[in-house]
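*Asks:* below are the sequence and a predicted model; questions follow.
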Amino acid sequence: MSAEHAVIVHADADLLAEAVAARLTVKLIDAQSARGSASVVLTGGRVAAAVYRAVAASPALGAVDWSRVDVWWGDERFLPAGHPDRNETQARQALLDLVPLDPARVRPMAPSDGPDGDDPEAAAARYAAQLARVAEGSADLPYFDLVLLGVGEDGHVASVFPEQPAAYETRPVAAVRGAPKPPPVRITLTLPAINTADEVWLIATGPGKAAAIGMAVSGAGAVQVPAGGVEGVGRTLWLLDRAAAAQLPAKAVSLRS
Ligand SMILES: O=C(O)[C@H](O)[C@@H](O)[C@H](O)[C@H](O)COP(=O)(O)O
């Protein structure tokens, strides 16, 4: 059971992106001061991209030792390298190419024109092997300080979509075919892998997410509403704007700005 579960609501999408960017910057700094490095798992989507842009524009950007940040992805659209719709491409353009990361510590999921060609199952297995190589001891996964997640209108997180095979998956990485959100072919960490993180932040804006978030926070099952199956080891944060929080009971909201 997560040690802490909180729902923080900000006035609008712009303020949310700035607040999450500030929170992310401090989280990286605190992780580095505690462990010597910070490990973050990125996601895709419009809200995540807005957060990355806000981090890049932050006056505190240089307070992070970017050379000691490990970057993973929670999911990826299975497209050719450099494709503008790849989550890696979006993260690099918004933030990663603007900070002095150690390239060896940035680990994108394989593109569809990479070593595994257009075989997403092989690419998923490759990522699982990469994760295991960096893991300590007998673990299958490295330590994740933080997993960032957007939330879909249907309650998906990463590329774990309701009622799809990845929602039942127990292995850490899965290939996704037939995703309802284009593109149809993806690679994703599964909920068991996501839930090994010390913290997981679910970040969403807009009225279109309100119903799924209301169900997820109220205890909907992880297969029907994957966002409802997210549980960080130390902390689970819902970081929302007012529109996305509109169907939450008042008692569910920890802070409203
Ligand atoms: O590949 C993707 O698009 C993401 O991994 C996906 O999980 C995204 O985070 C949500 O669909 C929310 O996207 P928006 O923030 O754009 O609504």
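*Replies:* Structure's in. What do you need?
*Asks:* what is the one helix or strand Asp30 maps to packed up against?
*Replies:* Secondary structure assignment for Asp30, by DSSP states H and E: helix 13-35. Here helix 13-35 touches strand 4-10, strand 38-42, helix 46-56, strand 146-150, strand 199-204, strand 235-241, going by 3 or more Cβ pairs under 8 Å, 6 or more residues apart in numbering; DSSP states H and E. Backbone N, C-alpha and C define where each C-beta goes, glycine included.
*Asks:* rerun that using 7 Å as the cut-off
*Replies:* Here helix 13-35 touches strand 38-42, helix 46-56, strand 235-241, going by 3 or more Cβ pairs under 7 Å, 6 or more residues apart in numbering; DSSP states H and E.
*Asks:* which parts of it are buried?
*Replies:* 13, 16-21, 23-25, 27-28, 31-32 (16 or more other Cβ atoms under 10 Å).
*Asks:* what sits against the residue in the stretch 151-257 of the chain positioned nearest to the ligand?
*Replies:* Closest residue of the stretch 151-257 of the chain to the ligand, Cβ to the nearest ligand atom: Gly152 (4.0 Å). Contacts for Gly152 (Cβ atoms under 7 Å, 6 or more residues apart in numbering) come out as Lys181, Ala212.
*Asks:* let's see it at 10 Å
*Replies:* By Cβ atoms under 10 Å, 6 or more residues apart in numbering, Gly152 lies in contact with 45, 158-162, 179-181, 204, 208-209, 212, 225-227.
*Asks:* tell me the one among the residues you listed nearest to Leu239.
*Replies:* Ala204 (7.8 Å; Cβ to Cβ).
*Asks:* wouldn't that closest one be in contact with Ala211 here?
*Replies:* No: counting by Cβ atoms under 10 Å, Ala204 does not reach Ala211; the two are 11.4 Å apart.
*Asks:* contacts only, for Gly36.
*Replies:* Applying Cβ under 10 Å, 6+ apart, the residues contacting Gly36 are Asp65, Arg68.
*Asks:* how close does it sit to Asp65?
*Replies:* 9 Å (Cβ to Cβ, to the nearest Å).
*Asks:* repeat for Thr25
*Replies:* For Thr25 relative to Asp65 (Cβ to Cβ), the value is 12 Å.
*Asks:* what does Ala250 give?
*Replies:* Counting by Cβ to Cβ - Ala250 and Asp65 are separated by 41 Å.
*Asks:* higher neighbour count, the two?
*Replies:* Asp65 (16 against 7; other Cβ atoms under 10 Å).
*Asks:* so who does the more buried one touch?
*Replies:* Leu28, Ile29, Gln32, Ser33, Gly36, Ser37, Ala38, Pro100, Asp102.
*Asks:* and His10, by the same measure?
*Replies:* So His10 contacts 16-20, 205, 239-242, 244-245, 255-257 (Cβ under 10 Å, 6+ apart).
*Asks:* give me that answer again for 6 Å
*Replies:* Leu16, Ala19, Asp241, Ser257 (Cβ atoms under 6 Å, 6 or more residues apart in numbering).
*Asks:* then Ala128?
*Replies:* Contacts of Ala128 by Cβ under 6 Å, 6+ apart are Pro172, Val173.
*Asks:* show the pLDDT at it.
*Replies:* Ala128 is assigned 98 on the pLDDT scale.
*Asks:* isn't there a helix covering it?
*Replies:* Yes: residue state for Ala128 (DSSP: H, G, I helix; E, B strand; the rest coil) corresponds to a helix.
*Asks:* report the separation between it and the ligand.
*Replies:* Ala128 is 18 Å from the ligand, where distance means Cβ to the nearest ligand atom, to the nearest Å.
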